[in-house]
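*Asks:* model the structure of this input:
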Amino acid sequence: MINFNVETEGFKVLDIRKKKSWLKDLVKEQGFKLGELNYIFLNDEGLHKINLEYLNHDTYTDIITFDNSEDESMIEGDIFVSVERIAENAKKFKVDFESELTRVMAHGVLHLCGFLDKKPADVKLMREMEDKYVTKYGEF
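*Replies:* Below you'll find the model as predicted:
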């Protein structure tokens, strides 16, 4: 089950069925079953508070992923996304908002699948996987 929760004004998740189908395909392709996956869309301040409270990081970020999986074959988690960071990064990377949003949505699920992004080699692989799934989203 995939849930989209919007907690910021002026944002609406577009193409919900398409996004859910795409995310289910991503999870399956990575060899996992899908449990409950919650996307929570916030503003910068909302995500900053979560970053401070739960991770003790005093920084703004586009996404924070919490893994709730109890079974290693199943993906379950809460993925918090800053809509404002998505808009800023879309401008910065010269892509449209929806492309950046799908990249970040894939990023969260890829973390739940075990992909990391702290070391340079891990970042490179994460970017390759994000690109792969953003392209796949365009094919849905």
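*Asks:* okay, now His111: neighbour count?
*Replies:* By other Cβ atoms under 10 Å, 19 other residues sit near His111. C-beta coordinates here come from the backbone N, C-alpha and C atoms, glycine included.
*Asks:* the residue nearest the centre of the chain and Pro120: what is the separation?
*Replies:* Ranked by distance to the mean C-alpha position of the chain (Cα atoms, centre = their mean), the top residue is Met105 at 2.7 Å. Using Cβ to Cβ, to the nearest Å, one gets 24 Å for the distance from Met105 to Pro120.
*Asks:* can you tell me the SS state at Glu88?
*Replies:* helix (DSSP: H, G, I helix; E, B strand; the rest coil).
*Asks:* change the start of the numbering to 117 and stick with it
*Replies:* Shifting the count to begin at 117 puts that one at Glu204.
*Asks:* can I assume Ser185 sits in a helix?
*Replies:* No. Residue state for Ser185 (three-state DSSP) corresponds to coil; a helix is not indicated.
*Asks:* number of residues surrounding the residue nearest to it when sequence neighbours are not counted?
*Replies:* With Cβ to Cβ, 6 or more residues apart in numbering as the measure, Glu192 is the residue that lies nearest to Ser185, at 4.7 Å, once sequence neighbours are left out. Applying the criterion other Cβ under 10 Å, we find 19 residues in the vicinity of Glu192.
*Asks:* hang on, Glu192 in a helix?
*Replies:* No. The assignment for Glu192 (three-state DSSP) gives strand, which keeps it out of a helix.
*Asks:* still on that earlier bit, the residue nearest to the centre of the chain: helix or strand, and which one exactly?
*Replies:* helix 213-228 (DSSP states H and E).
*Asks:* next structured bit after that helix?
*Replies:* Once the chain leaves helix 213-228, the next helix or strand it forms, by DSSP H and E, is helix 236-255.
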